[in-house]
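[1] Here is my input, please return the structure:
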Amino acid sequence: MVIKFKKLYLLLFAIVVLTVSACVQIVRAQPTAATPAPTPLPIVMYHQVNKSANRAGTYCVTLDELESDFRYIKECGYTAITTEQLLRAVDGKAALPDKPIMITFDDGFESIFQYVQPLLKQYDLCAVVSVVGAYTDRYSELDDHSVNYAYLTWSEIEQLAQSGTVEIQNHSYDLHQINNCGHKGAKKRNGESEEEYRAFLQTDLQKMQELCEKNAKIKPIAFTYPFGCYSKESKEIIREMGFRACFVCEEKINSIDYENTDWLYHLCRFNRPHGVSTQLFFGKLFGE
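    Model (predicted):
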């Protein structure tokens, strides 16, 4: 009787072991949600746009060049995305198009309102426009909308933000200066303590955030470094303020990494100058 009981016990034990082993194998065989592979993300940086080639240069393209660029982007199968769309994808809340590209405009010139936005609609594209608050304050008080030199007003910024084709981001309130009491853009001054630098940067960026909310009903989620200048302390200060991304001026193709997202605070861009053909300029971005 005892022997039979032992045999029965061993049989039950073997069944349990086999069942558990089978369950483990089934669990291991279940497919897991794969992390998307890194995706190339080219970003173009524009500034001013003018109809006249006589006014064009390193930081100003002609309207014809801009339209040629937009047409080429579409013909090559690229889809323009905003910072918000990029972040939603990285956060796992949405998928990116197969061939994403970002189109950015710095400083907030009046030409954005008069020339760029209509073209964006025409070609079903979107752009990220980074504005300087001090410039916008100044031209919001003036009745001067010259496309040759004027900057956007707060009213125009609000209209652009509501258009569905333009995303507004923070380019500082008044840091777009080569020598601002020893600072170049948002860069730390020689001899400046970390506490002093933190206060300097936070005060300016926070002022711009508040003005954007007050005057245009928007809250920028990215900061664009004036002149592309920054210091080793910049990223952490900006991150702590709630910004999710930063744009720089280094010319490099970004790689969308879904695991390590530090690259979001160093989004590299290619400046688009006048006088270079669309095919030649975008050849280095698209690997052609």
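
[2] Other residues contacting the top strand by length along the chain?
    Secondary structure assigned by DSSP state E gives strand 100-107 as the longest strand of the chain. Under the contact criterion Cβ atoms under 8 Å, 6 or more residues apart in numbering, strand 100-107 has outside partners 39, 41-48, 73, 78-83, 86, 112, 116, 125-132, 135, 151, 171, 176, 224, 247, 256, 267, 269, 285. For the C-beta atoms, the positions are set from N, CA and C on the backbone; glycine is no exception.

[3] Which ones among those residues map onto strands?
    39, 41, 43-46, 48, 79-80, 127-131, 224, 247, 256.

[4] thinking again about what came up before, let me see the mean pLDDT of the longest strand of the chain.
    On average, the pLDDT along strand 100-107 is 99.

[5] partners of it, with directions?
    strand 43-46 (parallel), strand 79-80 (parallel), strand 127-131 (parallel) (DSSP bridges).

[6] how far out from the middle of the chain is the second one?
    The one in question is strand 79-80. Its chain's C-alpha centre and that of strand 79-80 lie 13 Å apart, by Cα atoms, centre = their mean, to the nearest Å.

[7] Repeat that for the longest one.
    For strand 127-131, the gap between its own C-alpha mean and the chain's C-alpha mean amounts to 9 Å (Cα atoms, centre = their mean).

[8] So what touches it?
    80, 82-83, 102-108, 112, 116, 120, 151-152, 157, 160, 165-171, 222, 224, 247.

[9] rewinding a little: extract the CA atoms of the longest strand of the chain and return them as CSV.
    Written as CSV, here are the backbone C-alpha positions of strand 100-107 (Å, rounded to 0.1, in the frame of the first residue of the first chain):
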residue,chain,number,x,y,z
PRO,A,100,9.6,61.6,-41.4
ILE,A,101,11.2,65.0,-41.8
MET,A,102,11.0,68.2,-39.7
ILE,A,103,10.9,71.6,-41.3
THR,A,104,11.9,74.4,-38.9
PHE,A,105,12.0,78.2,-39.1
ASP,A,106,14.0,80.2,-36.6
ASP,A,107,13.5,83.8,-35.3
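
[10] Show me what the helix or strand that comes right after that strand is packed against.
    Using DSSP states H and E, the next helix or strand after strand 100-107 towards the C-terminus is helix 111. Under the contact definition 3 or more Cβ pairs under 8 Å, 6 or more residues apart in numbering; DSSP states H and E, helix 111 sits against strand 48-50.

[11] State the next helix or strand along the chain beyond the strand it packs on.
    In N-to-C order, the element after strand 48-50 by DSSP H and E is strand 60-62.

[12] Which secondary structure elements does that following strand sit against?
    strand 48-50.

[13] Need the residues that contact the strand it packs on.
    56, 59-63, 66, 107, 109, 111-112, 115-116, 147-148.

[14] Let me see the mean pLDDT of that strand.
    99.

[15] Direction included, what does it pair up with?
    Sheet pairing for strand 48-50, using DSSP bridges, gives strand 60-62 (parallel).

[16] Please enumerate residues in contact with the strand it pairs with?
    Outside strand 60-62, the residues within contact range by Cβ under 8 Å, 6+ apart are 46-53, 56, 69, 272-274.

[17] sorry, back to before: can you flag the buried ones in the contacts of strand 48-50?
    Buried subset of the contacts of strand 48-50 (neighbour count, 16 or more other Cβ atoms under 10 Å): 56, 59-63, 66, 107, 109, 111-112, 115-116, 147.
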